[in-house]
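Engineer: Fold the following.
(2 chains)
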Amino acid sequence: MSFQTSKPNGFGPFGAPGFFQPLPPRLGEEARDEIGTQLRAMYAALTHEPVPERLIAILHRLGGGGAGAEERA
Amino acid sequence: MSEPAHSGTVEPAMRDALLAAVPSLRAFAISLTNNVDRADDLVQDTLLRAIAHIGRFERGTNLNAWLFTILRNLFHSEYRKRRREVEDPEGSYASHLASPPEQGAKLDLADLRVALTKLPPDQREALLLVGAAGLPYEDVAAIMDCAVGTVKSRVNRARLRLAQLLGLDGVEDLGPDRLTRAAIHTSA
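Structural biologist: Residues are numbered from 1 along each chain as shown, chains lettered A, B, ... in the order given. From the prediction side, this is the model:
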């Protein structure tokens, strides 16, 4: 029976690599909230844009009939 | 093993589910490319590929996540082909970023969209999927084929970079030395 006794390269005395490495800077809560709010607003605005007919047409061509297709057509 | 391409029709329920996913796919594609025409081409290719390989989709799993994965893979294929091209040839948006907005100013959506294009693709995708589309970290990790911790790291770096690009205040210094930082991080 053999045991692996050597630690992988880069592991320190606390068992995890980079334990004492500096943490990356973090963004303050206010700035993070601001970015989050604007990202969601941007995304919501984009999802409400009308879908181009060519994209709907692809699915209609391949999907056959159906209530959803007729409502959207 | 590859699934044979699907050449028949898609059943109405699946077709409707695909239709319902299109606005989200478009929003993701436009945010990734900052170009509506390219985004629509990307969504079109995503739908065609999804339909062709519909047999690979496991019913009961997250259809949107599956579609986002296809779209992301197509985006990267296209990105590799076009990476020598300039993303914004007219410079119409880039000119907005010639000087960062005034410190502490509220964000402008146009500036935000341009700033997103300045992020490395992996950070941009992670931030869009988590911060904009609101997907759980686990789903995003599956879409991006990486660990949850990697997604969190990418989101954090993306937010920091965005804040720099947009001239936002608020990058925190976590402490005077590494030990203090590590202790704060561990207890957080």
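
Engineer: Does anything pack onto the strand or helix carrying residue B:73? Which helices or strands?
Structural biologist: For residue B:73, the element it lies in under DSSP states H and E is helix B:63-82. Using 3 or more CB pairs under 8 Å, 6 or more residues apart in numbering or on different chains; DSSP states H and E, the elements in contact with helix B:63-82 are helix B:12-33, helix B:36-52, helix B:121-127, helix B:137-144. Backbone N, C-alpha and C define where each C-beta goes, glycine included.

Engineer: That one vs helix B:12-33, what angle?
Structural biologist: Computed by axes from the mean of the first three to the mean of the last three CA atoms, to 10 degrees, the angle separating helix B:63-82 from helix B:12-33 equals 40 degrees.

Engineer: related to what we said a few turns ago, what's the closest of the helices and strands packed on helix B:63-82 to residue B:167?
Structural biologist: Ranking these by proximity to residue B:167 (CB to CB) places helix B:121-127 first, at 17.7 Å.

Engineer: ok, is that closest one in contact with chain A or not?
Structural biologist: Yes. For helix B:121-127 and chain A, the contact criterion (CB under 8 Å from any CB of the partner chain) is met by residue B:127.

Engineer: and that helix, what does it pack onto?
Structural biologist: helix B:12-33, helix B:63-82, helix B:109-117, helix B:137-144, helix B:148-166.

Engineer: possible to save these as JSON lines with mean pLDDT and mean neighbour count?
Structural biologist: Formatted as JSON lines, the helices and strands packed on helix B:121-127 follow (pLDDT from 0 to 100; neighbours: other CB atoms under 10 Å in any protein chain shown):
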{"stretch": "helix B:12-33", "mean pLDDT": "92", "mean neighbour count": "21"}
{"stretch": "helix B:63-82", "mean pLDDT": "88", "mean neighbour count": "17"}
{"stretch": "helix B:109-117", "mean pLDDT": "86", "mean neighbour count": "19"}
{"stretch": "helix B:137-144", "mean pLDDT": "95", "mean neighbour count": "19"}
{"stretch": "helix B:148-166", "mean pLDDT": "93", "mean neighbour count": "20"}
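
Engineer: Switch those helices over to a markdown table; also include distance to residue B:49.
Structural biologist: Formatted as a markdown table, those follow (distance: least, CB to CB, whole Å):
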| stretch | distance to residue B:49 |
| --- | --- |
| helix B:12-33 | 12 |
| helix B:63-82 | 5 |
| helix B:109-117 | 24 |
| helix B:137-144 | 15 |
| helix B:148-166 | 24 |
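
Engineer: List just the one of the ones you listed that sits closest to residue A:31.
Structural biologist: helix B:148-166 (5.3 Å).

Engineer: before we move on, the earlier item: pull the residues that contact the helix holding residue B:73.
Structural biologist: B:17-18, B:21, B:24-25, B:28-29, B:32-33, B:38, B:42-43, B:45-46, B:49-50, B:57, B:121, B:125, B:129, B:133, B:135, B:139, B:142-144 (CB atoms under 8 Å, 6 or more residues apart in numbering or on different chains).

Engineer: What of stretch B:119-135?
Structural biologist: Stretch B:119-135 has contacts (CB under 8 Å, 6+ apart) with A:35-36, A:39-40, A:42-43, B:24, B:27-28, B:31-32, B:65, B:68, B:72, B:75-76, B:79, B:116-117, B:137, B:139-140, B:143-144, B:151, B:154-155, B:157-159, B:161-162.

Engineer: What average pLDDT does the longest helix along chain A get?
Structural biologist: In chain A, taking DSSP state H as the definition, the longest helix is helix A:29-47. Averaging pLDDT along helix A:29-47 gives 91.
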